[in-house]
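Participant: sequence first, predicted coordinates after that:
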Amino acid sequence: MLQLLKRLSRSSKPRNDAVEPPVDPKAYRVFTREFDVITHAGELSSVIGPMSGEEKTDLRQAFDTFKDALLGWKTKARIASLEASNELRNVKTTEALENTVVTILVDHSRSMTGRNMLLAAAACQIAMEFLGAMNVKLEVLGFTTVGWRGGKCRRLWEQQGKRAAPGRLAETLHIIYKSSELAYREGRAYLLEPMLRLGLLKENIDGEAIEWAISRQMDIQAERRIVVVLSDGVPCDDATLSANDTNYLSRHLRQVIAQTEMQGAVELVGVGIGYDASQYYRTSARVDEIDDLGTTLIDTLRDVLKKDFA
């Protein structure tokens, strides 16, 4: 009888049904978005701190190189863009071009430091002139992280007990250099100057950056949407990859690309700087010599725009 009463007593206690389901370690998730930042390039100092006197000097010297020392390089790229625009005007109507929006999304990982970023900025300037002359809407965006190795996000995760498979552990930093509303005019190359700032380039989470670029495009009146990603390698964030599996960010990038290509509303193009972007993107180009980046970007834009959008 005593054993029966004990069983009845146990069965009368309320059950706890709030047991969390097991976490799929491969499913993409974000630990917190509390520290993520989206900013215009001119407001970067409010995010990553003001520049020292030495940093201002370095930026000024880099921009002087961008404006003056690259004149020969830019002339070659501008000739290619003139030929490409003439070719496009022969096969595309003015209306079709004006109803197109292109986003150039630039990888701001640490490995882009130096000449890679200098010529990426110069290539963006040529693209601004090339597409602006045909009244194609254009956005120039960049993506990196606010801090190294997860920053505040990783520290919060550690304070909360370092749970397993936390997902993305980084403070994403998404930067707007040129919005579609801003028409390109001669002399607006200054918009790209912050791209050359020392200390800006850190880690790269490509999948979420592409989702952000696409979400911006969806608010723009256009019949055709193209996102071109300039990158020199695979996604990498030390904190995220250390706390999850080493393919976590690359797998998410593939998922984002696959979903975008399946939906068909946006055309994705990968331009790999020293690496084969075709491992991710159905449409891609490879730049083995960084000096060829400008002409390769123009040729790639021409080829994509010439195609009929299904």
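Facilitator: Cool, got the structure. Not measured: the values here are computed from a predicted model. Numbers count the residues shown, from 1 in each chain.

Participant: the strands in the protein, which residues?
Facilitator: With DSSP state E applied, the chain shows strands at 37-40, 100-107, 137-145, 172-178, 224-231, 267-273, 283-287, listed in chain order.

Participant: can you redo these as a markdown table with distance to Glu203?
Facilitator: (C-beta placed from N, C-alpha, C; glycine too.) Below are the strands of the chain laid out as a markdown table (distance: least, CB to CB, whole Å):
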| stretch | distance to Glu203 |
| --- | --- |
| strand 37-40 | 14 |
| strand 100-107 | 10 |
| strand 137-145 | 4 |
| strand 172-178 | 9 |
| strand 224-231 | 13 |
| strand 267-273 | 17 |
| strand 283-287 | 22 |
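
Participant: low pLDDT regions in the chain?
Facilitator: By pLDDT under 70, the low-scoring segments of the chain are 1-22, 185-187, 310.

Participant: which helix in it runs the most residues?
Facilitator: Here the longest helix in the chain is taken by residue count, with DSSP state H as the criterion, and it is helix 71-91.

Participant: what sits up against that helix?
Facilitator: Outside helix 71-91, the residues within contact range by CB atoms under 8 Å, 6 or more residues apart in numbering are 97, 119, 122-123, 125-127, 129-130, 133-134, 291, 294-295, 298-299, 301-302, 305-306.

Participant: and Gly132, how many neighbours?
Facilitator: Neighbours of Gly132 under the rule other CB atoms under 10 Å: 18.

Participant: from Gln255, how far out is Ser215?
Facilitator: Distance, Ser215 to Gln255, using CB to CB, to the nearest Å: 16 Å.

Participant: so for the two, which sits in the more crowded spot?
Facilitator: With neighbours defined as other CB under 10 Å, Ser215 and Gln255 compare such that Gln255 has more, 13 against 9.

Participant: re the thing from before, as a markdown table, the strands of the chain with distance to Glu55 and mean neighbour count would be great.
Facilitator: What follows is those, written out as a markdown table (distance: least, CB to CB, whole Å; neighbours: other CB atoms under 10 Å):
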| stretch | distance to Glu55 | mean neighbour count |
| --- | --- | --- |
| strand 37-40 | 18 | 15 |
| strand 100-107 | 20 | 24 |
| strand 137-145 | 17 | 25 |
| strand 172-178 | 17 | 22 |
| strand 224-231 | 24 | 24 |
| strand 267-273 | 25 | 24 |
| strand 283-287 | 28 | 19 |
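
Participant: of these, which is nearest Val23?
Facilitator: Of all the strands of the chain, the one in closest proximity to Val23, counting by CB to CB, is strand 172-178 (21.5 Å).

Participant: so how far is the closest one from its chain's centroid?
Facilitator: Relative to its chain's centre, strand 172-178 lies at 8 Å (CA atoms, centre = their mean, to the nearest Å).

Participant: ditto for stretch 156-168
Facilitator: Counting by CA atoms, centre = their mean, stretch 156-168 comes out at 25 Å from the chain centroid.

Participant: okay, it in CSV with CA atoms only?
Facilitator: Taking Å, rounded to 0.1, in the frame of the first residue of the first chain, the C-alpha atoms of stretch 156-168 are listed here in CSV:
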residue,chain,number,x,y,z
LEU,A,156,28.2,37.7,-23.8
TRP,A,157,28.2,34.1,-24.9
GLU,A,158,31.0,33.3,-22.4
GLN,A,159,29.2,35.2,-19.6
GLN,A,160,26.1,33.1,-20.2
GLY,A,161,27.9,29.8,-19.9
LYS,A,162,29.3,29.1,-23.4
ARG,A,163,26.4,26.9,-24.5
ALA,A,164,27.3,24.4,-27.3
ALA,A,165,26.7,25.2,-30.9
PRO,A,166,25.7,28.9,-30.3
GLY,A,167,25.7,29.9,-34.0
ARG,A,168,27.2,33.1,-35.4
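
Participant: show me what contacts Asp291?
Facilitator: Shown in contact with Asp291 (CB under 8 Å, 6+ apart): 73, 119.

Participant: please redo it, this time with the cut-off set to 10 Å
Facilitator: 70, 73, 76-77, 115, 119 (CB atoms under 10 Å, 6 or more residues apart in numbering).

Participant: measure it to Lys306 for me?
Facilitator: From Asp291 to Lys306 the distance is 25 Å (CB to CB).

Participant: go on, Val91?
Facilitator: In this view, Val91 and Lys306 are 6 Å apart by CB to CB.
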